[in-house]
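Undergrad: Got a predicted structure plus its sequence, pasted below:
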Amino acid sequence: MTIGEKLLNLRKQKNLSQEEVANCLNVSRQTISKWETDQSTPDLDKIGPLCELFEISADELIIGKSNNKQVGICEQEEQDNYLYNKQRRAKGIGKGILLYFVAIAWIMISIPVMMMNPIVASAIFLIICGVATYLIIYSCMIYKNQKEKVSTENKLLKLINSIVGVIFLIIYLLISFMTMAWHITWIIWIVCGLFEEILKLIFMLKGEKYEK
């Protein structure tokens, strides 16, 4: 790519007209046009202002080399941000899973042991599950890396979750038909979701270990 083509592309990226660039550099519009069509090249005293206007280095303008140091810093910041998001996401999912265990323990002891009103106990159970679900969804959405690609491990995790879902469906139907306790067996789906989140957390922490 010639210097003229670079100048033309840079001007378009900045949404500037030839007139606006000319005013910034104290030259005529015809001069900008000649530069962009390679009829002439910018004088040395115009290289600095051009680089400042388009926010690039002189090497990048003249020979097409970018600032490798700056690129390295940006890549490091992106990697740090990715690891930070992954750690925060893992912590959020972990807290959600813990709350699910608390909810299950609560429903197991509140009614038969503490003799609490079933409606009140169930309401508290659902609130705890709701908070747990919120934490997991919030962590997955807020700390999601948009550039994260689907890896082989993620595909394997989806396959395992599908198999787990089928297994729990079979268990749910068998227990429900055998006991006819449909009002209680729905808890199996909470256990299923909990199991899937634990799997997700394990795969996430495993991937983070390899990245480090």
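TA: In hand now; what should we look at?

Undergrad: How far does stretch 119-131 sit from its chain's centre?
TA: 30 Å (CA atoms, centre = their mean, to the nearest Å).

Undergrad: Ignore what I typed, I meant stretch 167-182.
TA: Chain-centre distance of stretch 167-182: 37 Å, with CA atoms, centre = their mean.

Undergrad: Likewise for stretch 100-120?
TA: For stretch 100-120, the distance to the chain centre is 36 Å (CA atoms, centre = their mean).

Undergrad: residues of that stretch that come out buried?
TA: The neighbour-count check on stretch 100-120 (16 or more other CB atoms under 10 Å) flags 100, 103-104, 106-107, 110-111 as buried. (C-beta placed from N, C-alpha, C; glycine too.)

Undergrad: For it, list the C-alpha coordinates in PDB.
TA: C-alpha atoms of stretch 100-120 as PDB (Å, rounded to 0.1, in the frame of the first residue of the first chain):
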ATOM      1  CA  TYR A 100     -28.500 -24.200  45.800                       C
ATOM      2  CA  PHE A 101     -27.000 -26.500  48.400                       C
ATOM      3  CA  VAL A 102     -28.300 -24.200  51.100                       C
ATOM      4  CA  ALA A 103     -31.800 -24.200  49.600                       C
ATOM      5  CA  ILE A 104     -31.800 -28.000  49.400                       C
ATOM      6  CA  ALA A 105     -30.600 -28.300  53.000                       C
ATOM      7  CA  TRP A 106     -33.300 -25.800  54.100                       C
ATOM      8  CA  ILE A 107     -36.200 -27.700  52.500                       C
ATOM      9  CA  MET A 108     -34.900 -30.900  54.000                       C
ATOM     10  CA  ILE A 109     -34.900 -29.700  57.600                       C
ATOM     11  CA  SER A 110     -37.400 -26.800  57.700                       C
ATOM     12  CA  ILE A 111     -40.600 -28.800  57.400                       C
ATOM     13  CA  PRO A 112     -39.800 -32.300  58.900                       C
ATOM     14  CA  VAL A 113     -37.400 -31.100  61.600                       C
ATOM     15  CA  MET A 114     -38.400 -27.500  62.400                       C
ATOM     16  CA  MET A 115     -42.100 -28.100  61.800                       C
ATOM     17  CA  MET A 116     -42.300 -24.900  59.800                       C
ATOM     18  CA  ASN A 117     -45.400 -24.000  57.800                       C
ATOM     19  CA  PRO A 118     -44.900 -25.700  54.400                       C
ATOM     20  CA  ILE A 119     -45.900 -22.600  52.500                       C
ATOM     21  CA  VAL A 120     -43.500 -20.400  54.300                       C
END
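
Undergrad: Show me the contact partners of that stretch.
TA: Applying CB atoms under 8 Å, 6 or more residues apart in numbering, the contact partners of stretch 100-120 are 121-122, 124-125, 128-129, 132, 187, 190-191, 193-194, 197.

Undergrad: Just the ones in strands from those residues, please.
TA: Among the contacts of stretch 100-120, no residue falls in strands (DSSP state E).

Undergrad: Now the two most distant members of the buried residues of stretch 100-120.
TA: Greatest spacing in these, by CB to CB: Tyr100 and Ile111 (18.1 Å).

Undergrad: circling back: restricted to buried residues, select the contacts of stretch 100-120 in ChimeraX.
TA: In ChimeraX syntax, the buried subset of those is picked out as below (16+ other CB under 10 Å):
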select :121,125,128,129,132,187,190,193,194,197
